[in-house]
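**Q** Below are the sequence and a predicted model for it; my questions follow.
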Amino acid sequence: PHYHIVVLPGDGIGPEVTREAVRVLEAAAEAFGFRLTTETHPVGGAAIDATGDPLPEPVLQACLQADAVLLGAVGGPKWDNLDRAQRPEAGLLRLRKALEAYANLRPVQVPEALADASPLKREVVAGTDLLIVRELTGGIYFGEPRGRNGQMAWNTMRYTREEVARIARVAFEWAKRRRGRVASVDKANVLEVSQLWREVVSQVHREEFPELELEHFYVDNAAMQLVRDPRRFDVVVTGNLFGDILSDLAATLPGSLGMLPSASIGGRVGLFEPVHGSAPDIAGQGKANPLAAILSAAMLLETLGQEAAARAVRQGVDAALAEGVKTADLCRAGETPASTEAVGQFIAAY
Ligand code: NAI
Ligand code: MG
């Protein structure tokens, strides 16, 4: 096979971390015998400087023609005083919308070698490996009617059967590649929408994935379990609002933003990007942790069906951590930090 990837490095540390992710992708293609070509375009502040638009039309068209899009991060102080619609972030929002991705995937891992960096106790978090699947294009963030008058304001939480079924399928498909367990999160003791959610997730499970395990959680209990016993979770599937909150909660478990990858899939083309921003405070110094970008590239490989290559990349990440090849954000006092490039080179060579 031959995959064509559009790379959007963006601003700040975006170019530094995507360079290492591309290095790793190219090494994986070589080792696993598939072809990979990349095409790089400016987005965000870099695109504003070049063209006045954070997402120029030719860049969007290139993304829509690609097999996948790998993005770094956008934004920075240089563009902070622009109007909201003209800022770097506006380009990213437009891109996500154009790609029609309804499933946001946020894996959270706490490898043994990093468990001491977590704000929680090592005994609780070491070995955590979960995946949050958040519905991204429906629910209360988009439901109509919405509005306000002098005395009150209102939003509408709504999901159709089809919206729930398709996000449930995404969750079950990923569970199949992982440990085979899905936790569905709702508030079915209170909300009509959640009762439909629970009914449809159970139906998809029964009819299409009976070999997997399904458990239902109320969202308040899920939040508590995520910090009390995160290792009990494999795949967690939930709606837009609950997913927003739970994914940020889970993101605190590893103790560094530099470890968290993400994918937005389900539309025409998948978008893969680290959770962190452009980190202007450390940009241009070779200090940025490239693991979030590299792990995003591993999700890209998995989504394209190159699962063995994805596994090899993850093993490379584990090996780098185990051997202490890690950037400053992951180092304890007395440990010598490696540069962004050294981490990428180690994993590409693994
Ligand atoms: P940030 O994620 O860029 O940085 C927060 C803190 O984490 C900083 O101290 C930074 O040095 C550190 N950090 C982040 N990524 C790291 C990495 N890979 N390795 C080591 N340390 C890392 O968030 P912040 O500071 O709130 O925003 C900075 C800029 O990024 C803003 O312009 C913001 O709008 C933009 N941003 C962009 C996002 C995107 O492109 N998806 C997401 C979040 C923020
Ligand atoms: Mg959020």
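**A** Perfect, I can see it now. Ligands and ions are numbered 1, 2, ... in the order given.

**Q** Pro107 sits in which helix or strand?
**A** strand 103-109 (DSSP states H and E).

**Q** who are the neighbours of that strand, in terms of helices and strands?
**A** strand 129-135, helix 161-177, helix 240-251, strand 261-265, helix 291-303 (3 or more C-beta pairs under 8 Å, 6 or more residues apart in numbering; DSSP states H and E). Glycine gets a C-beta too; all of them are placed from N, C-alpha and C.

**Q** The residue of the stretch 251-350 of the chain found nearest ligand 1: what secondary structure?
**A** Of all residues in the stretch 251-350 of the chain, Gly277 sits closest to ligand 1, at 2.4 Å by C-beta to the nearest ligand atom. Gly277 falls in the coil class when you classify it by DSSP: H, G, I helix; E, B strand; the rest coil.

**Q** So for it, what's the pLDDT?
**A** Note for Gly277: predicted pLDDT of 95.

**Q** what do you get for Gly91?
**A** 94.

**Q** Go ahead and confirm it touches Val43.
**A** Yes: in this structure, Gly91 is within contact of Val43 by C-beta atoms under 8 Å, at 5.6 Å.

**Q** which neighbours do these two share?
**A** Residues touching both Gly91 and Val43 by C-beta atoms under 8 Å, 6 or more residues apart in numbering: Pro54, Leu55, Val74.

**Q** Please report how far the first one lies from Val74.
**A** Read that as Pro54. In this view, Pro54 and Val74 are 7 Å apart by C-beta to C-beta, to the nearest Å.

**Q** Residues in contact with both of those two, list them for me.
**A** Residues touching both Pro54 and Val74 (C-beta under 8 Å, 6+ apart) are Val43, Gly44, Gly45, Pro88, Glu89, Gly91, Leu92.

**Q** Of those, select the buried ones using a PyMOL command.
**A** Applying 16 or more other C-beta atoms under 10 Å to those, the buried members can be selected in PyMOL as follows:
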select buried, resi 43+44+45+88+91+92
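
**Q** hang on, the earlier thing: please verify my assumption that the residue of the stretch 251-350 of the chain closest to ligand 1 contacts Gly72.
**A** No: using C-beta under 8 Å, Gly277 is not in contact with Gly72, being 9.8 Å away.

**Q** more crowded one of the two?
**A** Taking neighbours as other C-beta atoms under 10 Å, Gly277 and Gly72 compare with Gly72 leading, 31 against 18.

**Q** can you pull the buried residues of stretch 12-23?
**A** For stretch 12-23, a neighbour-count test (16+ other C-beta under 10 Å) marks Gly12, Ile13, Gly14, Pro15, Glu16, Val17, Thr18, Arg19, Glu20, Ala21, Val22, Arg23 as buried.

**Q** Determine which two of the residues you listed are furthest apart.
**A** Greatest spatial distance in the buried residues of stretch 12-23: Gly12 and Arg23, 18.9 Å, computed using C-beta to C-beta.

**Q** Contacts only, for Gly138.
**A** By C-beta under 8 Å, 6+ apart, the neighbours of Gly138 are Tyr102, Arg158, Tyr159, Thr160, Glu163, Gly239, Asn240.

**Q** How about Leu212?
**A** Contacts of Leu212 by C-beta under 8 Å, 6+ apart are Phe172, Ala175, Lys176, Gly180, Arg181, Val182, His205.

**Q** For it, give its distance to Glu39.
**A** For Leu212, the distance to Glu39 - C-beta to C-beta - is 37 Å.

**Q** CA-only coordinates of the helix or strand in which Gly316 is found, as PDB, when you get a sec.
**A** Following DSSP H and E, one finds Gly316 within helix 307-322. In PDB, the C-alpha atoms belonging to helix 307-322 read as follows (Å, rounded to 0.1, in the frame of the first residue of the first chain):
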ATOM      1  CA  GLU A 307      -1.300  -2.300  13.300                       C
ATOM      2  CA  ALA A 308       2.100  -4.100  13.500                       C
ATOM      3  CA  ALA A 309       3.900  -0.900  12.700                       C
ATOM      4  CA  ALA A 310       1.800   1.000  15.300                       C
ATOM      5  CA  ARG A 311       2.800  -1.600  17.900                       C
ATOM      6  CA  ALA A 312       6.400  -1.300  17.000                       C
ATOM      7  CA  VAL A 313       6.300   2.500  17.500                       C
ATOM      8  CA  ARG A 314       4.700   2.100  20.900                       C
ATOM      9  CA  GLN A 315       7.400  -0.400  21.900                       C
ATOM     10  CA  GLY A 316      10.000   2.100  20.800                       C
ATOM     11  CA  VAL A 317       8.400   4.700  23.100                       C
ATOM     12  CA  ASP A 318       8.400   2.300  26.000                       C
ATOM     13  CA  ALA A 319      12.000   1.400  25.300                       C
ATOM     14  CA  ALA A 320      13.000   5.100  25.200                       C
ATOM     15  CA  LEU A 321      11.300   5.700  28.600                       C
ATOM     16  CA  ALA A 322      12.800   2.600  30.100                       C
END
